[in-house]
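> Can you look at this prediction? I've put the sequence above it.
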Amino acid sequence: MSFPDAARVELDKAQQRRNLRKATTTIRAKRAAVVAEVPDWEPLRDEGARVKDEALHDLATHLERLEVAVTAAGGTVHWARDAAEANALVARLTRAAGSDEIIKVKSMATDEIGLNAALAAEGITAHETDLAELIVALAGDRPSHILVPAIHRNRAEIRDLFEAELGETGLSTDPAALTAAARRHLRERFLRVKVGVSGANFAVAETGTVCVVESEGNGRMCTTLPDTLITVMGIEKVIPRHADLATMLTLLPRSSTGERMNPYTSLWTGVTPGDGPRDFHLILLDNGRTATLADPVGRDALRCIRCSACLNSCPVYERAGGHAYGNTYPGPIGAILAPQLAELRDHTALPWASSLCGACYEVCPVKIDIPTILVHLRSRVVREQGAPPSERLAMEAMARVFASRRRYEAAQRGARLAGLAAHLPGPLRTWSGVREPPQAPRRTFRDWWRSR
Amino acid sequence: MAQPLSAARQEILARIRAATTDVTSISIHHGRKLTARPGDPGLLAQRVADYRATVTRTDDVAGAIAALLAEHGARRVAAPPGLPADWLAAIPEAVRDEPPLAHAELAALDGVVTGCAHAIAETGTITLDGGPGQGRRALTLLPDLHVCVVRADQVLADVPDSIAALGDTTRPVTFVSGPSATSDIELERVEGVHGPRRLAVVLAA
C-alpha cells in the first residue's frame, strides 16, 4: 500500500492519533529543554555531521580499520551483502553455539533484515527483550516509532495482551505493574539463553569498540550474560576515533529521549576474559547502503544515528503514524532512507510524504538536510520512473497556459466563471482529493491595472 | 595480519570504492582535544537525583553504605574484588565474586556495593570500567539494588571529559545514568525494568 492509501487508514485510528500527539509533543518539549542546556549545540551538530562524513567519505578504510581492531581484540568480523546473507550468518553462528534460541536487544538493522522471521524459518526462536518490542511481537504487530515502537497501543490493550500471552492473571493496567510482569517473564530468559543478538549505535574504527545506547537494561543483559554475542551493524555506523564518542554521546540522548544521558550506555571491545561473552561476532551489513552511498546528495541520509527527533518534529508523522510509511524506518528519515536502501520504484510515494516544512532538518543532530534530499528523490522518481500521465498532462497544459498572455488571461476568466473545480474527475482526483482549490478573485490584477 | 577471505567482504569494499569515486578530498577533522576537567559534586548530586536515584553526601562512607543497605532491607550483598575493607565491613553478609558467582546466584542477591571509574556532573552519570572495587559487568546488573560510591575527586565535568579520562581503554565500559527505566507504555516513565531497580549513590566528601 502506498503512503497516501496507508495514511488514510491510519488517520482514522483515534487512539493512535491521541497517543502520537501526546508522545511527540512530550518528547519535543523534553528535547528542547535539554538541548537548550548545551551552549555550543549548533557547533556540536556540525561536529556530528563531520564525524559521520569523515567515515562515510572514506568508508572502506574505516571498515578495514574496524575489522583489524575487532579481530585483534578477540572478536570475529563477518560481512553480509544483503539481508539473506546476514540472517544466514546469525542462524549459522547460533547453531554453532549449540543454541536454538537467542535473546535480542531492540535494533533497527535486525528489523530491517527481518531477522526474527528468518530465524523462525530455521527453527530458531528469537526473544525480543525491549518492552515495546515484546509488546509488538506478542501482538503480531509492527513497530510504529523508532524509539517507542508500541506507542500506538494503550495500557488496557497491553494488559489484555500480557494476560493472554504471558500467562499472567489479575494484572492491573498500571504501567509499573505491566513493566514488572515483563521483567518476571524476561528474567528467566536472560539467565538461560546462551546467544545474544544486538545492533550497534556506533563502532569505533581505531579501537574496535562497539557502543549500544539503551534505557531498560535489556541491552546490558543481552550483551553481557550470554556466552556468544552477535552484533549486526549497518556499515554506516562506523566512526573514526574514540574521541568522537564524546560528540555522539552528547548529541544522541538529548536528541532522542530528551535526556541528558540515557540510563545505560555500554561499550565493549572484542572479548574481555572474565567479563561478558566468550565469543563476539560483528556482522557488517550492506543491504542497500553502498547504493545509497553512490548518490552524492542522498548519501547524507547515512549519517543518521536513529535518534527519531525528526519523527517527533514532523507534522505528517504526528498525524499519520509510523505504519503509514510501510517500512522499518518511519517519519522524515524513513521517507529518504527507505527509497534508497530498497528500490526507489518500490517507494515512489514516500518522497512526497512531507510538506517540506524543514522542522526535521532543524532538529537533526547530524544535520541531514532532509527536505533537500526529499526534493532530490522526487526528481529522481520522476526521472527514473516517469511522472504519472495525469500529472504530466496537467503540467504540460499548465506550461502552455503560462507561455502565452492570451491563454493565461483566458484561463483566469475561465477560473473566475467556473470557480476552480473542487473535485476533478477521474485520475485527476488524486490531485484534487487532497488539496483545497484557491478562491479565484472576482477581479484579477490585470483587469484592475487596465481599468486605472 | 591475514584478512579473512570472503566474497561478500571483497564485493562490499569494491561497491564502496565505486560509490565514492566522486569524493576527491576527505575532510579529516582532528577530533576535539579532550581533557578530563574536574566537575562540581553539587551539580552531580542534583543531576543524579533528577533520575530519581538517591544521593547521600557524607564523609562517613561506610556508615552511609550500612544505612542504605538497612533501609532497603539488603543483607546478602555482592562485593567486587578490590572493594575497600571498611566498605566491605559495612555489608551485613558480603558475598565475594571470587571465584565468579553464577548468574543465577548474582540474581538472587539483595544488592551490590561498588566504587566507580569516575562520575559526570553535567549528566549525573556514573562511569564503570571494571577497575578495582567495580567488578565485572554482570555484578552491577543482576542484583536489584546498586549502591555506588563516588569520591569528590572522581567527579568530572561532562561527557567529553569522561571519554578523555577513559582514553583508548579496551575494557568494557558502562555509563549508568539513574536506575533502568522505560517509557514504552503510553510514555509514562517507570523506573526499574531489567537492571537494578534502585540506584543509591554515595558521594564522599
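Great, that's in hand.
> Can you check the pLDDT for residue 85?
Answering for chain A, as no chain was given. For residue A:85, the pLDDT comes out at 97.
> that answer is for a different chain, and I need it for chain B
The model reports residue B:85 with a pLDDT of 97.
> how many neighbours does it have?
The number of residues packed near residue B:85 is 8, by other CB atoms under 10 Å in any protein chain shown. C-beta here means a position set from N, CA and C on the backbone, and glycine is covered the same way.
> before we move on, what about the one 4 residues further on?
Residue B:89 sits with 12 neighbouring residues when counted by other CB under 10 Å.
> Nearest residue to it in space, please, no chain neighbours.
Using CB to CB, 6 or more residues apart in numbering or on different chains and skipping residues adjacent in sequence, the residue nearest residue B:89 is residue B:62, 6.5 Å away.
> contacting residues around the closest residue to chain B within chain A?
Proximity to chain B, evaluated over chain A using CB to the nearest CB, is greatest for residue A:217 at 3.0 Å. Shown in contact with residue A:217 (CB atoms under 8 Å, 6 or more residues apart in numbering or on different chains): A:263-264, B:141, B:180, B:193-196.
> Tally up the residues packed near residue 199, please.
Picked chain A for this. Neighbour tally, residue A:199, other CB under 10 Å: 23.
> Not quite, go with chain B.
The number of residues near residue B:199, taken as other CB under 10 Å, comes to 26.
> Now it: which helix or strand?
strand B:198-204 (DSSP states H and E).
> do that strand and chain A meet?
No: legend: contact between strand B:198-204 and chain A by CB under 8 Å from any CB of the partner chain is lacking; minimum distance shown is 9.1 Å.
> re earlier: quick check, nearest of the contacts of residue A:217 to residue A:12?
Distance to residue A:12 across those (CB to CB) is lowest for residue B:193, with 32.9 Å.
> neighbours around the nearest residue to the closest one once chain neighbours are set aside, how many?
In space, residue B:193 comes closest to residue A:216 once its chain neighbours are excluded; the distance is 3.9 Å by CB to CB, 6+ apart. Around residue A:216 there are 30 other residues, counting by other CB under 10 Å.
> re the thing from before, return a ChimeraX selection command for the buried portion of the contacts of residue A:217.
Here is the ChimeraX command that picks out the buried ones among the contacts of residue A:217, judged by 16 or more other CB atoms under 10 Å in any protein chain shown:
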select /A:263,264 /B:141,180,193,194,195,196
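> Which ones among the contacts of residue A:217 lie within strands?
residue A:264 (DSSP state E).
> wait, which of the contacts of residue A:217 is closest to residue A:277?
When those are ranked by distance to residue A:277 (CB to CB), residue B:141 comes first, at 13.6 Å.
> surely that closest one meets residue A:220?
Yes: between residue B:141 and residue A:220 there is a contact under CB atoms under 8 Å: 5.2 Å.
> Spit out the residues that contact these two alike.
residue B:195.
> Residue of chain B closest to chain A, please.
Counting by CB to the nearest CB, chain B gets nearest chain A through residue B:195, at 3.0 Å.
> what's the nearest residue to that residue if we skip its chain neighbours?
Counting by CB to CB, 6+ apart, the residue nearest residue B:195 is residue A:217, at 3.0 Å.
> Equivalent analysis for residue A:215, please.
Residue A:215 sits nearest to residue A:263 (CB to CB, 6+ apart), 4.8 Å away.
> Repeat that for residue A:52.
Nearest in space to residue A:52, with sequence neighbours left out and distances taken as CB to CB, 6+ apart, is residue A:303 at 3.9 Å.
> And the one you found, how close does it get to residue A:238?
Distance, residue A:303 to residue A:238, by CB to CB, to the nearest Å: 12 Å.
> quick one, which of these two is more surrounded?
residue A:238 (23 against 20).
> who's that one bridged to?
When assigned by DSSP bridges, residue A:238 has beta-bridge partners residue A:203.
> my read: it touches residue A:63, true?
Yes: Residue A:238 is in contact with residue A:63 according to CB under 8 Å; the separation is 6.0 Å.
> so what sits against both of those two?
residue A:205.
> wait, does the longest helix along chain B contact chain A?
The single longest helix within chain B, with elements called by DSSP state H, is helix B:7-19. Yes: against chain A, helix B:7-19 shows contacts by CB under 8 Å from any CB at B:8-9, B:11-13, B:15-19.
> Okay, and residue A:50 sits in which element?
When secondary structure is defined by DSSP H and E, residue A:50 falls within helix A:41-57.
> Now that helix: average pLDDT?
Here the average pLDDT along helix A:41-57 is 96.
> Give me the buried positions along that helix.
A:41, A:44-45, A:47-57.
> Show me the shaky parts of the chain.
Went with chain A since none was named. A:417-432 (pLDDT under 70).
> Switch to chain B, please.
Looking at chain B by pLDDT under 70, you get B:1-5, B:27-32.
> Just the strands from it, written as ranges.
B:54-58, B:76-79, B:93-96, B:111-114, B:118-120, B:125-128, B:145-151, B:155-156, B:173-176, B:181-182, B:190-191, B:198-204.
> Select, out of these, the one closest to residue A:143.
Among the strands of chain B, the nearest to residue A:143 by CB to CB is strand B:181-182 (14.9 Å).
> The closest one: how far from the chain's middle?
Once both centres are worked out by CA atoms, centre = their mean, to the nearest Å, strand B:181-182 turns out to sit 16 Å from its chain's centre.
> do the same with stretch B:110-124
6 Å.
> So for that stretch, what gets flagged as buried?
For stretch B:110-124, by 16+ other CB under 10 Å, it's B:110-124.
> Any idea how far apart the tips of that stretch sit?
End-to-end distance for stretch B:110-124, by CA to CA, to the nearest Å: 24 Å.
> Name the residues of the stretch 251-400 of chain A found near chain B, please.
Those residues of the stretch 251-400 of chain A that sit near chain B, judged by CB under 8 Å from any CB, are A:257, A:259-270, A:272, A:274-276, A:284, A:286, A:290-291, A:293-294, A:296, A:299.
> which among these end up buried?
A:257, A:259-270, A:272, A:275-276, A:284, A:286, A:290-291, A:293-294, A:299.
> Grab the CA positions of the strand holding residue B:199 and hand them over as PDB.
Output in PDB follows, covering the C-alpha atoms of strand B:198-204 (Å, rounded to 0.1, in the frame of the first residue of the first chain):
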ATOM      1  CA  ARG B 198      17.200   1.100  42.700                       C
ATOM      2  CA  LEU B 199      20.400   3.100  42.400                       C
ATOM      3  CA  ALA B 200      21.800   4.700  45.500                       C
ATOM      4  CA  VAL B 201      24.800   7.000  45.000                       C
ATOM      5  CA  VAL B 202      27.100   7.800  48.000                       C
ATOM      6  CA  LEU B 203      29.000  10.900  47.300                       C
ATOM      7  CA  ALA B 204      32.100  11.000  49.600                       C
END
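> Done for today, thanks.
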